[in-house]
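Trainee: Any chance you can model this:
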Amino acid sequence: MSRIGLKAISVPQGVTITVSGSTVAVNGPKGQLTVETLPGITVTVAEGLVSVTRSNDEKQTKAYHGLVRSLINNAVAGVSTGFKKTLKLIGTGYRAKAQGAGIQLAVGYSHPVDFAPLPGVTLKVEGTDTIHIEGIDRQAVGQVAANIRKIRPPEPYKGKGIRYEDEEVRRKQGKAAA
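Mentor: Numbers count the residues shown, from 1 in each chain. As a prediction, the model looks like this:
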């Protein structure tokens, strides 16, 4: 039994959902997203609620049930409020600056690193050490944040690197002097 798949999705004001075949289109004040449904899953919209049902109780169909419901819920949240992630640069001389649609990072390499975001994702630099990633597609926002973090992940001895705002880095002891 899929607990997530059985929950109905409430549609906020200003958001319209249309189902045509295996495609669910979600329109809202921030933009438009489409979600492809998977085999054995049907989506119905009635009275401001979206319900996702499955045709049988096979293991794969049960897994698809919760997945499709989560994808539609993320699309509804994205077009109504959007998604945001924040990265912090920790380290002496580590800084970021806006450059066109992308950013330029100085994170301890011999050269600056230029980063261009995926379409539909905007990057904003606050000060010199904070990067805000915003967009309507949750997967794209998370992927851009992960790609920026991968440029210089936090290291365990001094904690230097690029990390998520709420991430805690476990520090190691280091070498003990004799």
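
Trainee: So which residues make contact with the helix ranked longest in the chain?
Mentor: In terms of residue count, the longest helix belonging to the chain (DSSP state H) is helix 59-80. Contacts with helix 59-80, where a contact means CB atoms under 8 Å, 6 or more residues apart in numbering, come from 1-5, 7, 9, 11-12, 14-15, 17, 24, 26-35, 37-41, 43, 50, 52-55, 83, 135-139. Quick note: C-beta positions are derived from backbone N, CA and C, even for glycine.

Trainee: Then stretch 131-150?
Mentor: 30-31, 33, 74, 77-79, 82-89, 96, 103, 105, 115, 117-118, 120-126, 162-164.

Trainee: Show me where this protein has its helices.
Mentor: Using DSSP H, helices in the chain cover 3-6, 59-80, 138-151.

Trainee: Verify the contact between P156 and R170 for me.
Mentor: Yes. Assessed by CB atoms under 8 Å, P156 is found in contact with R170 at 6.4 Å.

Trainee: before we move on, the earlier item: got the angle for the longest helix of the chain vs helix 138-151?
Mentor: Note on geometry: by axes from the mean of the first three to the mean of the last three CA atoms, to 10 degrees, helix 59-80 and helix 138-151 are set 90 degrees apart in direction.

Trainee: List the buried residues in helix 59-80.
Mentor: 61-62, 64-80 (16 or more other CB atoms under 10 Å).

Trainee: How is this protein divided into domains?
Mentor: 3-80, 83-164 (automatic domain parsing).

Trainee: and of those, who's closest to G174?
Mentor: domain 83-164 (5.6 Å; CB to CB).

Trainee: Now the closest one: average pLDDT?
Mentor: On average, the pLDDT along domain 83-164 is 95.

Trainee: just stretch 67-78 next, same as before
Mentor: Stretch 67-78 comes out at a mean pLDDT of 96.

Trainee: start the count at 45, not 1, going forward
Mentor: Sure, I'll start numbering at 45, so the last one becomes stretch 111-122.

Trainee: What is the end-to-end distance of stretch 153-163?
Mentor: Using CA to CA, to the nearest Å, one end of stretch 153-163 lies 27 Å from the other.

Trainee: ok, and what's touching that stretch?
Mentor: Under CB under 8 Å, 6+ apart, the answer for stretch 153-163 is 143, 145-151, 167, 177, 184, 187-188, 191-192, 195-196.

Trainee: buried residues in it?
Mentor: Those would be F159, P161, for stretch 153-163 by 16+ other CB under 10 Å.

Trainee: With stretch 177-192 instead?
Mentor: I177, E178, G179, I180, D181, R182, A184, V185, V188, A189, I192.

Trainee: Turn these into JSON lines, including distance to G218.
Mentor: As requested, these are exported to JSON lines (distance: CB to CB, whole Å):
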{"residue": "I177", "distance to G218": "32"}
{"residue": "E178", "distance to G218": "37"}
{"residue": "G179", "distance to G218": "39"}
{"residue": "I180", "distance to G218": "43"}
{"residue": "D181", "distance to G218": "41"}
{"residue": "R182", "distance to G218": "38"}
{"residue": "A184", "distance to G218": "38"}
{"residue": "V185", "distance to G218": "35"}
{"residue": "V188", "distance to G218": "33"}
{"residue": "A189", "distance to G218": "29"}
{"residue": "I192", "distance to G218": "27"}
